[in-house]
Structure formats: structure tokens, C-alpha cells
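> sharing a sequence plus its predicted fold:
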Amino acid sequence: MAVMVGKGAMTNSIEELAGTDLLLVVGSNTTEAHPVISLRMKRSVKNGAKLIVIDPRKIELTKWATRHLQINIGTDIPLFNAFAHVMIKEGLYDREYVEHRTEGFDELAKHVEFYTPEYAAEICGVPAEDIIATAREYAAASGKAAICYTLGITEHSCGSHNVQSVANLGMLGGNFGKPNAGVNPLRGQNNVQGASDSGALPTDLPGYQKVERPGVREKFEKAWGADLPKRRGITKITAMDQMLRGKVKGVYIMGENTVISDPNTNHAQAALEATDFIVVQDIFMTDTAKLADVVLPAASFAESDGTFANSERRVQRVRPAIKPVGESRTDVDILFDLMKRFGVVQNLNSSSDVWDEMRQLAPIFTGITYDRLDSEGGIQWPCPTEDHPGTQFLHEHEMDSGMPGYFAPVDHIPPAEPTDSEYPLILTTGRRRSTYHTGTQTGRATGFELLVPSELAEINPFDAEQMELADGQKVTVSSRRGSVEVPIKITDRSPHGTVFMSFAFPELTQTNRLTSDAYDFITETPEFKACAIRIDTIEAAPPPTD
Amino acid sequence: MTTQVKNRLNVEVNGIAIDCGTDARVLDAIRSAGFDVPTLCYDERVGPQGTCRMCLVDVEVNGQIQQVAACTAFASDEMRVETHSDSITDYRKTILEMLLSETSSPTNCPKCVSFKKCELHTAAEEYDAKWDAFPSLVVREKAKDDNPFIQRDYDYCISCFRCTNICNDWEQAGAITVEGRGQENSIATFFNNKLIESPCTFCGQCINTCPTGALTDKKIVGTTKAENLERTKSICPYCGVGCGIHLLTEDGQLKGTEPDFDSPSRGSLCVKGQFASWEFVKSGERLKYPLIKENGSFRRASWDEALNLVTERFTSIRDDSGPDSLVCWSSARTVTEANYLMQKFARIGIGTNNIDNCSRT
């Protein structure tokens, strides 16, 4: 999305979702992955808004939906192109917005001419009349229609094109730069926004200032009193390939369980094992830490001073309530110490000092100070000056890059690994409400074993009957890369031909031994949402109970 | 004659003149004038119910004085509000004494003992309402429900229905409802099943809206003393919604968490934020000292030893193979400031732009 309209963040605010006329939720299991955001969606429906859910699975949110478009996995682009087709053909798009604020409309119009609702219906597996109705309703709610998406859109090998097709629709509807509207990626982890905001990206310095843009590097060199590398760096995915080829020889991993959370565990593990020297800084002995040469004990959030930035670009304070346990130190203190050993001269002694340096160098944060965060609460960037209230929604006057929004004509690309006779089912992965990510935190909370006791392979009743599988029966799920053992759960949440699993129980079931290392060629986001698998029984079905 | 449409209302509360929006309720006017009245059945997320009658106030409009529930009644132009007249104060005291007669002794109230004084007992103290002014009418039993999250002490229930309203109207889980009528009513799941068998998502919002000790966090209640508890404002460590929480500590020890009602999440949490955001911090499995791997197994090391080894090995790899043979992976789980330092370390400590974070996974 950054390519088209400036920045990859929610354009609008969470609270605004309660006041929309129409919500289009695509590839987001919001009630489970972002429960508190789903409260605003439910409120909006209660106030009379239409809710369109686009998801291959019959997720819980469909209970509140006006319509559920249960598309085939990985067919978002033809669907969104067909929405655009209907809006353009029927003259329902926001002409004024398109004329004044965008470029590339003619190319888009020509491109989507081919994507009739009937054509898309065939690929997506949803009725053409539902596609037409949705496009008309989205157009009718122009200026007050919000799109929300999550990893169901981005975790595909065509993830960035998926995002572009979604943003095309947002622009056609004239839904940028208005309250209760926009195109909103809901971010997965507590500070994933802040990690990117801070410049922990191979292409960007703090505040999304491009390493390779003239003048940017010079500004940071002057401020830091040191030379900066000129060329952009490599992503994690590329780095892992280069580890296997001996080109990357050392890695410093802070607070991430790479082995469990990354796709194709065997590949990730092999990559790290091929690396000469690994440092892991974490709060637990994770599977990744076990591979390290040096493990540095970090403090948890409850012991740390600093900020998290949430999905809606809101910077909020985190404060230490207790001392770091044992000899552990905060990530900030460890890095202060390490940087000194590497000869970095800086006059920084606290998180507050670090924030001040960052906000001076990154205009979107300049107006946000710890004093303001303490007295006013969280503030949303961009916030250029200390008397600026922060920005509730983006693009009010122009696209943030100072340029118009560009329509991007994109085509359907099927998932990288199609099913075949040997691997006839699709595995899609995601979260459940009561477990989180690799389970290092929820796995340690008492009582949670009652909510979801173990990993479960959720399968459609029809498929289960065909394969003679029973609820609770233990099976082997295999892909071309590995296999895991897991009990079956029969549920119509899974569509025909598709199995769902999370990756929160790595001790017994390392789901990412199965997933594919195909990834999006622009963002290098892995395709967690689709790979081909097979199911084999390892024990007889338990006798049916009455 | 011309009629002017006003977009602000002039209201006087206890002699203080304020202006408020045309959609303001009397309660909003009272609070923006800096006063308050008890609101035992009110949660702003669900809206006014007007059933507890504690927020009744005197209002004067066009010379007519009447009593209205401040939570439900709209403010009007030139309205004069009096919040604490003698008759209203007496009236509140009587209602409180009637409510108290339905509950067990204030000295054992689970919320007052373990967390902080509950809304009911705060109001009782303010209005000097006696627990034993009326004959005791405690008829409810404790819920027999062994779930590990929510303690239900119906001896302290005052039938305000905030829990059922938040469950049905805000969370829209539909897990609990009112069973029975009048004095016989109680809060129950459908068919009186256990919560774990109901549609309950264990978001904990019933606990946090409850104005008495009827609903409490079972993981914390009984383990803390309200008078020793300290609260530190923080943010939930799970997803990207960034809900506000308070970390609860006693003598420097972490004892639990509570939602922060003054944050943009308005006191709402999910099962993870409510019931899983602090135990991992106290886990015995936390890493407590640096470790160095030797001959395939880890041994304890000092910080100096560990960081010297990192410096030595990284420097020698850089000298042999160039800075781009090293990579740093930052974390979406830690504070922005640590991420900033990590990218600065990669760029000027090592000399590479090979810095990435887990935003792709």
C-alpha cells in the first residue's frame, strides 16, 4: 500500500469503525485476531451498517455479516477487479475524487474490463450476483465505507498485488481522507508498527525515510557523526537464503522465535544452523535461542520503559512496574552497552533520550514527546509539531507522499503451490482468540488449556466423511517439506478442501514445518495462507459416542 | 420573530455555568462542570439504562422543578441542575441501604479487599448508608462454576445488569442473561450451564464493569491487598490493537493486570489481555543470566563475557567478510526505542543496512 498512497498503516482510527455505513472485511478473522477492534465492527452493524465478510473460512464474524463471500483461497485479485469492473461499468465510482486525487484511472478501467463478475465468479467460487451487489453497496456508501484487511491479504505470494487491488477499490469509492472510511491493515503484533516506524527495515531509516533517497543518508550521518552504508539491506527471507549459501555468517536476533514463526521450519532451522555465529536476545529459551551461540536475557514489557505504536499509528507509553528478573536487562540497556563496545559514541542514557533523538530525525514523530504521552495519552502520527494534536485519519488534503494516489492494475496469480493427487488439500494458517503466535506467552497462562487444549486440524465435515475421519482422531498432516501429528476437528468453519491450523503449540505440533517458503516478490512476505498438504491416519478413529 | 438554532446549550450545575453540546445528557453536563453522582447501572460503552435511580437529580426548566435520572435525561438550554439537595441525598442513602440489604457484609467484599473499593461501597461510604439498616435479604447463592477465570459471588450482586448488558450489547457474546424476576432474579448462562460451555469468550468485561464484588478476576482475587496495590499504566503485550492496561504490583512484585479505562480501548480487553498478560512475566522459565554455548551446551556467563564475545566474533566476521555478511533482526514485541537502537547499531555499529523486523511473519 505504501507504493500507492504513501504509508503502510491504518488510514483511519479504530474508534471510527463504529461509525461506518459499510464495512468490508477481507482476510481478517477480526473477532479472534483483533477482538477489541471487532467490538467497533459489531457496534457499527448494530447501528445499521452493512458488513461484508470476504474469507474462505466461515469465521465467527460472519455471524454479524450482511453477506459472506466465501471465496476460494488466494482469489482476492479477481474479486476486487470485478468490484472495480462493476463500479466503473455502472458509473458508480466517485468521479470527483478520481479526477482530482488519483492517477492511472484509464489504465485501470481498461485492465478490469476483462474481469466481469461472471468471470470472477468462476475463479472465486462465489455467485456473480453477490459480487455485483457488493460493488453497488460499496459504491452507495461512498465516503463512509471502510475496508479492513489483515494477513489473509498479505500472506500470499501475490500479497502486495492483493493490497493494491484492495486500495484500488478504496480510491474508486473515494474513501481515502475521510472519517469512518479508508483502507485499514490491522497489524498483528503489539509493536509491529513501532518496529517499522523506528527504521528497523532494510530500505528505511526512522520515520520511513528511504535509505537510497538523496539527502536522507546525509542527514543521519550528520546527526550520528558516522558514515552510513549506501545500499539498501536484505530482508529476513533473503538473509536466510544467503545463510544457506554461506554469504551471511552472523545474525543478531532480538525478541523473535524465528524457527517456529517462520515458514518452512526445516529451511529456517537449516539456515540458522549454517550460520557461524548467532546471538539471540529474548525472555525465554525459545527454539530459536537453543540454536544460538550466545543468549542474552532480556527484560519483559512489564520491566521496560518506552513506547509501542498500535495499528492506528498511535504511540503509547509502556512503563516499568517491576525490576528486570535475575540479571536480565532491558533491550535498550543491552544495546547501549553493546553499541559502546562497537565504538558508537552517543549521549543517550534512557528510553526518553532515545525517543527524543528519533523524533528530532523523523518529522512524522517530532511533535510527540514523553511529557505529552504522559499527560494526553497516546498520540497518532503524523504529528509534526508539539502543538499538533496528531492525525486521526490520513490523506485528508492530499495523499501523504504529496502526490496523488496511483491506481495499480494487477492480475490474478494463483497460490504458488497448487494441490495435486498426492497433496490434495490446502492448508491455511492463522490465529485463534485464546492462543497467540508461537505460544511463548499464552502457553504460560493458567486455564488456557481449557479453551484450546492443543493444536487442531480443522476440517470440513464433507472432507472428513470422505476420508473417514472422526473428531479428535490423531492424524499426520504432511506437505512437501515436512509432517506433523495433530488431532482432527470437524467443523464447517473450514470450507471444502481446506484445513486450518494455528502455530501456537510448537512443543507438539510445529505447523510451520508444513508451510511453504514461497513469498511475495515485492515485500517478501511468506505465503502462510496456502500450501498443499495430505492427511494420513495414524490410529483408528475412536468409536462414536452417543 | 426569528428563531435561532443554537448548537450549544447553556446549563447551570450547582451554580456553575457551563455550555454543552445539544446531544448532551444531564450526566455529561454534571461531569463537565466537575461534579459527580453515583451511577451504579451505567457503563458509557453500552449507554444509559436508568434503572438504579442513583443518579436522580433535581432539574429546573422554565421554573418547573422535577427529578430526572441524569444518565438518561437530555440536557436542555437554560436548565439548572442541583445534584445534592437534601431530599435527593436522603433518597440516595435509602436506595443504597436497600441495595446493601441484598448483599453480604461490605467488610468481605472481594473487590474492596483485593482490588479497590467497589462503586457500591464507595457510594455507601459517601452517603453514610448502613449495611444493616434494613433486614438482610441475601437469597442468592454463589455460582457453582469451576472456571479458572471469573469468580461469581452473587451475594454481592445488586441486579444492575451491567454484566449482561456489556456481554450482549458490547461484546455481543450473548453468554449471560437475567434469570427469574424481581427479588428472585439472578445472572445465569442459558440453561445454567457452566461458563466454559457457554458462548463466553472470557473477555472479562463483565468483571470490569461490575460495580460490586459480585464478579472478580479469579486469578488475582484473594492474592492481593487493595491498600498495598500499586498501578502502572502500560499497554497489552499481545496484538496491534494496543489496549490500555494497568500492571498491578505489591511490594515490587507483579500480581496481575487490569484494563485501563482512560485509554482509547475504553477498558475493553480480550481473553489474552485480561487473563494472559502477566503470568508469563513471572514464569520460572524466564532467562535470568547470559549464556554461552560451549561444546554444544550452554554455560552461565557474565554480561561482560557474553557481550565481549559478541563484539569479538561480529568484528572478526566483519573484518573477514565485510559488514553485509552480518544481519540484525529486530522485534515487533519490544519497545520502539530498542528497535531504533537496533537499526542504529546495524547501520553505524556494524555498517550494514541488513536490518529487518518480523513485520512479515
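Received the coordinates, thanks.
> and stretch B:176-189, is it in reach of chain A?
No - judged by Cβ under 8 Å from any Cβ of the partner chain, stretch B:176-189 stays clear of chain A, getting no closer than 15.6 Å. Bear in mind the C-beta positions are built from the backbone N, C-alpha and C, glycine included.
> need the contact partners of that stretch.
B:102, B:137, B:139-140, B:152, B:154, B:157, B:159, B:161, B:163-164, B:167-168, B:175, B:190, B:192, B:195, B:197-198, B:200, B:206, B:214 (Cβ atoms under 8 Å, 6 or more residues apart in numbering or on different chains).
> show me those that map onto helices.
Assigned to helices by DSSP state H, the following of those qualify: B:163, B:164, B:206.
> who touches whatever residue of the stretch 51-200 of chain B ends up closest to chain A in this structure?
At 3.2 Å from chain A, residue B:148 is the closest residue in the stretch 51-200 of chain B, using Cβ to the nearest Cβ. Taking Cβ under 8 Å, 6+ apart, we find residue B:148 in contact with A:446, A:447, A:450, B:218, B:219.
> most neighbours out of these, which is it?
residue B:219 (22 neighbours; other Cβ atoms under 10 Å in any protein chain shown).
> that one and chain A, how far apart?
For residue B:219, the distance to chain A equals 7 Å [Cβ to the nearest Cβ, to the nearest Å].
> what bridges to residue 25?
Just going to use chain A. Counting by DSSP bridges, residue A:25 forms beta bridges with residue A:53, residue A:148.
> could you do chain B instead?
Here residue B:25, judged by DSSP bridges, has bridge partners residue B:74.
> hmm, it is touching residue B:68, no?
No - Residue B:25 is beyond contact range of residue B:68, at 9.7 Å (criterion: Cβ atoms under 8 Å).
> using TSV, lay out the ones in helices among the contacts of stretch B:176-189 together with pLDDT and distance to chain A.
Output for the ones in helices among the contacts of stretch B:176-189, formatted as TSV (pLDDT from 0 to 100; distance: Cβ to the nearest Cβ, whole Å):
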residue	pLDDT	distance to chain A
B:163	96	16
B:164	96	16
B:206	96	14
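> PyMOL command for the buried members of the contacts of stretch B:176-189?
Command for PyMOL, covering only those of these found buried under the criterion 16 or more other Cβ atoms under 10 Å in any protein chain shown:
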select buried, chain B and resi 102+140+152+154+157+159+161+163+164+167+168+175+195+198+200+206+214
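> who are the contact partners of residue B:98?
residue B:134.
> how is the chain carved up into domains?
Looking at chain A here, since you left the chain open. For chain A, automatic domain parsing gives the domain ranges A:2-186, A:188-232+A:306-318+A:333-384, A:234-297, A:425-537.
> that's the wrong chain, I wanted chain B
If you go by automatic domain parsing, the domain ranges for chain B are B:8-84, B:105-228, B:324-361.
> so of those, which one's packed in deepest?
Each of these was scored by mean neighbour count; the highest is domain B:324-361, a mean of 27, by mean count of other Cβ atoms under 10 Å in any protein chain shown.
> ok now that domain, how far from the chain's centre?
Distance, stretch centre to chain centre, for domain B:324-361: 34 Å (Cα atoms, centre = their mean, to the nearest Å).
> likewise for stretch A:332-347?
31 Å.
> send the alpha carbons of that stretch over as PDB?
Listed next in PDB are the C-alpha coordinates belonging to stretch A:332-347 (Å, rounded to 0.1, in the frame of the first residue of the first chain):
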ATOM      1  CA  VAL A 332      17.500  -0.700  25.500                       C
ATOM      2  CA  ASP A 333      20.200  -1.200  28.200                       C
ATOM      3  CA  ILE A 334      21.700  -4.200  26.400                       C
ATOM      4  CA  LEU A 335      22.000  -2.200  23.200                       C
ATOM      5  CA  PHE A 336      23.500   0.800  24.900                       C
ATOM      6  CA  ASP A 337      26.200  -1.400  26.300                       C
ATOM      7  CA  LEU A 338      26.800  -3.300  23.000                       C
ATOM      8  CA  MET A 339      27.000  -0.100  20.900                       C
ATOM      9  CA  LYS A 340      29.600   1.300  23.300                       C
ATOM     10  CA  ARG A 341      31.700  -1.800  22.700                       C
ATOM     11  CA  PHE A 342      31.400  -1.200  18.900                       C
ATOM     12  CA  GLY A 343      32.700   2.400  19.300                       C
ATOM     13  CA  VAL A 344      29.400   4.200  18.800                       C
ATOM     14  CA  VAL A 345      29.500   7.500  20.600                       C
ATOM     15  CA  GLN A 346      26.100   8.700  21.700                       C
ATOM     16  CA  ASN A 347      24.900  10.700  24.600                       C
END
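> returning to what we had before: for residue A:201, find the nearest of the domains of chain B.
Among those, domain B:324-361 comes nearest to residue A:201, with 6.5 Å by Cβ to Cβ.
> wait, does that closest one contact chain A?
Yes - against chain A, domain B:324-361 shows contacts by Cβ under 8 Å from any Cβ at B:324-361.
> related to what we said a few turns ago, any idea of the pLDDT on the residue of the stretch 51-200 of chain B closest to chain A?
If you check residue B:148, the pLDDT there is 91.
> same check, this time on the one 3 residues further on
Among the per-residue scores, residue B:151 holds a pLDDT of 92.
> do the same with the one 3 residues further on
According to the predicted model, the pLDDT of residue B:154 comes to 86.
> same check on residue A:247?
Residue A:247 is given a pLDDT of 97.
> name the nearest residue to it, sequence neighbours excluded.
The spatially closest residue to residue A:247, leaving aside those adjacent along the chain, is residue B:325, at 6.5 Å (Cβ to Cβ, 6 or more residues apart in numbering or on different chains).
> residue B:214 touches residue B:156, doesn't it?
Yes - Residue B:214 is within contact range of residue B:156, at 4.2 Å (criterion: Cβ under 8 Å).
> in chain B, what residue spans correspond to helices?
Using DSSP H, helices in chain B cover B:26-32, B:86-101, B:110-114, B:119-126, B:162-165, B:205-209, B:271-275, B:303-321, B:336-344.
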